[in-house]
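Novice: Sharing a model that was predicted from the sequence below.
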Amino acid sequence: MGVSGVGKSTIGQLLADEMNLPFFDGDNYHSKHNVEKMSSGESLNDDDRHGWLSTLNQLIKEQLKNNSCILVCSALKNKYRELLSDGILNEIEWIYLFGDFDTIYNRINKRKNHFMPSELLKSQFDTLEKPTNAITCNIDNSPKEIIENIKKELMKKSEFGLLGLGVMGKSLCINLSNNGFKISMYNRHVDGVEEHVALKFKKKHTELSSALPFDNLEEFVNSIQKPRKIMFMVNAGKTIDAVIENILPYLSEGDIIIDGGNSNYNSTKERFEYLKSKNIHFIGAGVSGGEEGALKGPSIMPSGSREAYKSVQPFLESIASHDRNGLPCCAYIGPEGSGHFVKMIHNGIEYVEMQLLAEVFSIFKATRKTPDEIAEVLEIWKKDVDSYLLNITIDILRKKENNDWLINNILDKAGNKGTGNWATIATAELGIPSTLIASSLFARYTSSFKEDRIKANISFGNNDSSNIKIDLIDLLNAYQFARIINHYQGFKLIEEASKFHKWNLNLSEIARIWTSGCIIKSDLMAVLVEVFKKSKSILINESIKQQLQVLRPSANKLVSQCILNEIAIPCLSESVNFLNTYTTADSSANLIQAQRDYFGAHTYQRTDDDSGKFYHTNWKN
Ligand SMILES: NC(=O)C1=CN([C@@H]2O[C@H](COP(=O)(O)OP(=O)(O)OC[C@H]3O[C@@H](n4cnc5c(N)ncnc54)[C@H](OP(=O)(O)O)[C@@H]3O)[C@@H](O)[C@H]2O)C=CC1
Ligand SMILES: O=C(CO)[C@H](O)[C@H](O)COP(=O)(O)O
């Protein structure tokens, strides 16, 4: 685009030849009416142009079906450019040729058989509304230089943007680059604190040689091909909203934002709706695997619109880990915030798996084993349990610092960033007893009251575990037993949420993308992929049922011993309690119902009336 005489046809044809694309001169597509009008010396009005620009828009659309094209057209006004790009906004790259009045005037009038009155050129300059989103080329340069410049600018555009270069963002950038993607990387600039983060990061890693670093948001956005695909790896909560507001003015309709952080699924749904109203796609994608997983292949749980997912699928599936059949551990989860919900439950299961290992650790500690001795036993367990968290626990226990085990010098206050908390809220809201997730969360909370615990230890006296004798088989069995209950409860919560929100989640597929890349990958997860192909509940699967029956006596015994020896085992004991409760046909909830009716006239149903009718009794008479 550009005013008459700026050299559009020459440059356009050269560029088309260079890029091996068909070339079209817009002036050749005027209607008969327009040609007659121009021939009679009359200038075209906007109505005349409307049909012509629509014809050109159709022409481009046709060309895009095959590949692409170079089309030249003065396109001086914003509204003309809007018409030209109608429905294909994100597929158009504008190239704006500009020069000063005298240069263009002299050039035109030097051409053979050409004379342009200066008024006509002046009116072109007056009409021109300069584009803000175009590759701009000064015609003072030679055509060769202009073509080179355009090609350089086109090549410069990245395929994918990553915003937030913290632990996860950095690893994902290297992963994307290693997979051959040209990326743009952005981290905010904070004077004196966060300066040139992206540039410094790029300089440290040869893998990032083609990546473009930014700390200016507008430049970052403009460096990405449209429709832009930009992944946020920033802290959940207010930060995401702040970043969305900051980036919105620079985005174009149809661009796609992926929130790869641990955001709350309800907020993801709200953000999805909000951005939809701005014609921006929003994909909430849980990512698991920590720093190493993000680098070598995480497990990814994307949700939102399936159409938008298709555009980012090649990127996410390429960087994801692969399961044992070579399939990517990334799959479209479902609508709204279902991806972040599933990631939240992943973390809930993760909290429990971690807590169970912590409880195993305290039992071993009670038997006076050193961290190395504990690691040795766990090493043997690896024959029966292939779990990432078990493996890293062995490494942790063996880590020494100045001749002492590092674990002995780590303060016993467990932190959390919110996902276990939200999972516990979800379990309560949906009315599903995922009791182990709640217990593991509350164990972390209790741990944080370190000062109170020290005081209580003094006032109640040391817990007495001096006589404990643990059978290692019982301990391993109890651990395995609790892990099965944990996975049952976690998946049950996903299943019920899926029904409640009408997400239509595929439990087997979720288990599959958790078999590799993520923090809760284990051989049990691989078994569950098959279990969920046949039924929605783990506990009705014959083989799992048999395993639980075999493990249960050990779990009962181990839990009893720990309780008698005053060892805190909230998750191990809850797993036993849960199965006891779940397998009780005649429970004591009838007493609860009677109490509720007694003090609050809440009514109850009767076992001798199967109509479902509710009764109230006057208990005092
Ligand atoms: N670490 C892990 O194992 C995993 C983390 N996650 C999730 O991924 C997300 C990122 O985690 P992680 O990489 O560990 O976190 P980090 O704390 O390492 O990085 C956070 C990033 O967010 C940026 N940021 C913070 N506040 C703002 C703001 N107001 N505006 C712009 N940028 C901001 C930071 O920039 P700056 O450096 O300038 O402060 C930094 O780049 C979180 O949601 C986390 O829960 C998910 C899976 C695993
Ligand atoms: O998502 C993760 C792993 O899957 C993150 O490591 C997350 O931070 C863990 O949660 P928390 O900080 O609450 O322990």
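Specialist: That came in fine, so what should we check first? Residues are numbered from 1 along each chain as shown. Ligands and ions are numbered 1, 2, ... in the order given.
Novice: Gly286 is in what secondary structure piece?
Specialist: Element membership of Gly286, judged by DSSP states H and E, is strand 281-288.
Novice: helices or strands next to that strand in the packing?
Specialist: The contact analysis (3 or more CB pairs under 8 Å, 6 or more residues apart in numbering; DSSP states H and E) places strand 281-288 against strand 256-259, helix 265-276, strand 299-303, helix 306-319, helix 338-366. Bear in mind the C-beta positions are built from the backbone N, C-alpha and C, glycine included.
Novice: For the fourth one, what is the distance to the chain centroid?
Specialist: With CA atoms, centre = their mean, to the nearest Å as the basis, the distance from the averaged C-alpha position of helix 306-319 to the chain average is 11 Å.
Novice: swap in the longest one?
Specialist: Chain-centre distance of helix 338-366: 21 Å, with CA atoms, centre = their mean.
Novice: What angle do helix 265-276 and it make with each other?
Specialist: Computed by axes from the mean of the first three to the mean of the last three CA atoms, to 10 degrees, the angle separating helix 338-366 from helix 265-276 equals 150 degrees.
Novice: Export the host helix or strand of Asp452 to CSV, keeping only CA atoms.
Specialist: If you go by DSSP H and E, Asp452 is part of helix 450-460. Output for helix 450-460, consisting of C-alpha atoms alone and laid out as CSV, is shown next (Å, rounded to 0.1, in the frame of the first residue of the first chain):
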residue,chain,number,x,y,z
LYS,A,450,5.8,-24.6,64.2
GLU,A,451,6.0,-22.4,67.3
ASP,A,452,2.7,-23.8,68.7
ARG,A,453,3.8,-27.3,67.9
ILE,A,454,7.0,-26.8,69.9
LYS,A,455,5.0,-25.4,72.9
ALA,A,456,2.5,-28.3,72.7
ASN,A,457,5.3,-30.8,72.5
ILE,A,458,6.7,-29.5,75.8
SER,A,459,3.3,-29.2,77.5
PHE,A,460,2.0,-32.7,76.4
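Novice: which other residues reach it?
Specialist: Helix 450-460 is touched from outside by 411-413, 446-447, 463, with contacts defined as CB atoms under 8 Å, 6 or more residues apart in numbering.
Novice: now the residues you listed: which count as buried?
Specialist: Burial by neighbour count, judged by 16 or more other CB atoms under 10 Å, picks out Ser447 from the contacts of helix 450-460.
Novice: among the contacts of helix 450-460, which are in reach of ligand 1?
Specialist: Checked against ligand 1 using CB under 6 Å from any ligand atom, the contacts of helix 450-460 yield no neighbours at all.
Novice: Contacts only, for whichever residue of the stretch 401-550 of the chain sits closest to ligand 1.
Specialist: Proximity of the stretch 401-550 of the chain to ligand 1 (CB to the nearest ligand atom) peaks at Lys417, 5.3 Å away. Listed by CB under 8 Å, 6+ apart, the contact partners of Lys417 are 236, 262.
Novice: residues in the stretch 251-400 of the chain within reach of ligand 2, list them.
Specialist: Residues of the stretch 251-400 of the chain lying near ligand 2 by CB under 6 Å from any ligand atom: 262, 288, 290, 347, 350.
Novice: Let me see the backbone angles for the third one.
Specialist: Yep, that's Gly290 we're talking about. Backbone torsions of Gly290, given as degrees, to the nearest 10, read phi 60, psi -160.
Novice: Next, see if stretch 499-513 gets close to ligand 2.
Specialist: No - contact between stretch 499-513 and ligand 2, assessed by CB under 6 Å from any ligand atom, is absent, since the two come no nearer than 13.1 Å.
Novice: Could I get the buried residue list for that stretch?
Specialist: Buried residues in stretch 499-513 (16+ other CB under 10 Å): 501, 503, 505-507, 509-513.
Novice: need the contact list for Ser318.
Specialist: With contact set as CB under 8 Å, 6+ apart, Ser318 has these partners: 179, 181, 328.
Novice: What residue in this protein comes nearest to ligand 1?
Specialist: Going by CB to the nearest ligand atom, ligand 1 is nearest to Gly166 of the chain, at 1.8 Å.
Novice: Correct me if wrong: Gln489 contacts Ser439.
Specialist: No - using CB atoms under 8 Å, Gln489 is not in contact with Ser439; the gap is 10.3 Å.
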